[in-house]
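> Below is the structure, and that's it, no one-letter string:
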């Protein structure tokens with residue numbers, strides 16, 4: 001199975017923890033070359049370096065006929081490129097075009113579904129046997145997969161393959177504010193994730209699916225399951241729930257004060273972004289997914305804080321649920337895992353797993369040992385499907 005072929009190990013590719021995580025991300029997803037990632041990590045000193053280094057790697061891989069490597073290097077080049085850059089869209093198109101050429105033999109079925117004045121871009125992978133041959137019939141059921149805040153659904157192709165080779169039909173999509181749905185069809189972010197999920201289930205006429213949300217998608221998939229009863233099983237990797245839920249009353253009060261004093265909030269965000277590139281990246285990404293590049297940075301804080309315990313509607317979830325988190329997740333911590341798990345008071349069943357450093361899976365979305373995470377998901381699903 002593809003899960004046995006994925007890399008294992010979380011490495012020190014770069015000095016910056018944020019950049020190092022991204023290097024491990026591209027390595028862990030299974031379609032890059034270790035030595036090339038390691039060399040890229042040594043060369044990248046600034047976010048601008050990232051575009052130059054990975055673009056050069058992508059061009060070299062393409063000239064060698066290594067299209068799978070090239071696709072993921074184009075993705076890496078796009079990732080830290082500022083939304084205002086003239087290169088941003090071109091890098092996305094290079095990634096998408098190279099990806100679909102690289103995997104053309106896998107018989108991916110891609111289509112657009114009309115939605116919110118634009119379209120949602122969806123890909124379907126038929127169930128396979130462990131040798132990759134397409135199975136006749138419907139397989140074991142349908143798994144619907146989506147990513148999170150800054151992902152493209154194609155980058156999670158190893159997820160598609162793992163479920164398809166376990167005998168499931170896979171429907172993978174870029175939702176509002178993501179990937180091709182944003183870049184090509186202009187559909188901005190929308191936290192009410194039951195709307196795109198419902199449109200997809202209508203289109204494919206599916207009434208019994210498993211929904212998997214990755215990264216920030218671990219928030220949106222809960223929201224979707226809470227309001228869409230055709231979702232029968234839910235995999236959350238990793239939970240987001242509510243960033244303020246475990247904060248002190250003092251912190252909550254300070255945040256409320258800042259939200260009510262927008263000029264000060266904008267000054268605070270801009271000041272920090274000037275010295276902390278990661279903050280600038282996050283703010284720019286939020287404005288991009290909302291198609292509001294001209295907006296004040298305060299919009300970013302408001303957008304993130306609008307993902308909260310009241311909106312997610314955890315008490316409405318009545319499905320079987322599996323929650324995954326890494327013990328060292330810097331983005332969606334184990335504290336959020338505990339809060340999300342406790343909030344699922346009406347779920348049919350709730351299971352969870354906290355992945356450890358000893359397993360090389362302690363980081364966000366188990367980068368370092370995705371094979372172990374995918375084996376855990378397919379094992380859980382095998383016990384709850386049907």
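Nice, I can see it. Please read these numbers as outputs of a predicted model, since none were measured by experiment.

> Only C-alpha atoms from now on, for both contacts and neighbour counts.
OK.

> What is the burial count for residue 80?
Neighbour count for residue 80, taken as other Cα atoms under 10 Å: 21.

> actually residue 202, not the one I wrote
That count, for residue 202 with other Cα under 10 Å as the rule, works out to 13.

> for it, helix, strand, or coil?
helix (DSSP: H, G, I helix; E, B strand; the rest coil).

> How about the nearest residue to residue 185 once chain neighbours are set aside: which residues does it bridge to?
Distances taken as Cα to Cα, 6 or more residues apart in numbering place residue 118 nearest to residue 185, at 5.2 Å, with adjacent residues excluded. For residue 118, the beta-bridge partners are residue 115 (DSSP bridges).

> what's the spacing between residue 118 and residue 291?
13 Å (Cα to Cα, to the nearest Å).

> Can you pull the residues that touch both of the two?
Jointly contacting residue 118 and residue 291 under the rule Cα atoms under 8 Å, 6 or more residues apart in numbering are residue 186.

> domains of this structure?
Split into domains by automatic domain parsing, the chain comes to 10-100, 110-239+316-384, 249-305.

> any idea which of those scores lowest on pLDDT?
The weakest mean pLDDT among the domains of the chain belongs to domain 249-305, with a mean of 92.

> distance between the ends of it?
Terminal-residue distance, domain 249-305 (Cα to Cα): 16 Å.

> What of stretch 59-76?
Distance between the two ends of stretch 59-76: 13 Å, counting by Cα to Cα.

> what sits up against it?
Residues outside stretch 59-76 that contact it (Cα under 8 Å, 6+ apart) are 26, 31-33, 50-51, 54-55, 57-58, 91-92, 94-96, 98-99, 101-103, 155.

> how about a cut-off of 7 Å?
The contact list for stretch 59-76 (Cα atoms under 7 Å, 6 or more residues apart in numbering) reads 26, 31-32, 54-55, 57-58, 91-92, 94-95, 98-99, 102.

> out of the residues you listed, which are buried?
26, 31-32, 54-55, 57-58, 91-92, 94-95, 98-99, 102 (16 or more other Cα atoms under 10 Å).

> Export the contacts of stretch 59-76 as CSV, with columns for distance to residue 277 and secondary structure.
CSV is the format used below for those (distance: Cα to Cα, whole Å; DSSP: H, G, I helix; E, B strand; the rest coil):
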residue, distance to residue 277, secondary structure
26, 20, helix
31, 27, coil
32, 25, coil
54, 18, helix
55, 20, helix
57, 23, helix
58, 24, helix
91, 20, helix
92, 21, helix
94, 25, helix
95, 24, helix
98, 29, helix
99, 29, helix
102, 33, helix
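
> Show me which of those is closest to residue 353.
residue 26 (23.4 Å; Cα to Cα).

> Can you tell me how far that closest one is from residue 109?
24 Å.

> again with residue 22
The gap separating residue 22 from residue 109 is 28 Å, by Cα to Cα.

> what helices or strands is the host helix or strand of residue 195 leaning on?
Using DSSP states H and E, residue 195 sits in helix 194-204. When contacts are defined as 3 or more Cα pairs under 7 Å, 6 or more residues apart in numbering; DSSP states H and E, helix 194-204 packs onto helix 217-227.

> Now tell me what touches the helix or strand following the helix it packs on from outside.
Proceeding N to C from helix 217-227, the next assigned helix or strand is strand 231-237, under DSSP H and E. By Cα under 7 Å, 6+ apart, the list of residues contacting strand 231-237 from outside reads 208-215, 218, 225, 319-325, 365.

> What's the PyMOL syntax to select whichever of those are buried?
Burial among the contacts of strand 231-237 is assessed by 16+ other Cα under 10 Å; the matching PyMOL selection reads:
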select buried, resi 208+209+210+211+212+213+214+215+218+225+319+320+321+322+323+324+325+365
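
> taking the contacts of strand 231-237 one by one, which sit in strands?
If you go by DSSP state E, these have 209-214, 320-325 in strands.

> residues near residue 279, how many?
Other residues lying near residue 279 total 15 when counted by other Cα under 10 Å.

> if I look at it, how far off is residue 18?
Distance of residue 279 to residue 18, computed by Cα to Cα: 11 Å.

> ditto for residue 385
37 Å.

> Between these two, point out the one with more neighbours.
For the pair residue 385 and residue 18, the greater number of neighbours falls to residue 385 (16 against 13), based on other Cα under 10 Å.

> what's the distance between the more buried one and residue 294?
From residue 385 to residue 294 the distance is 46 Å (Cα to Cα).

> quick one, what contacts the residue nearest the centre of the chain?
Closest to where the C-alpha atoms of the chain average out (Cα atoms, centre = their mean) is residue 147, at 2.9 Å. Listed by Cα under 7 Å, 6+ apart, the contact partners of residue 147 are 153, 213-215, 217.

> And for residue 118?
With Cα under 7 Å, 6+ apart, residue 118 has these contacts: 185-187.
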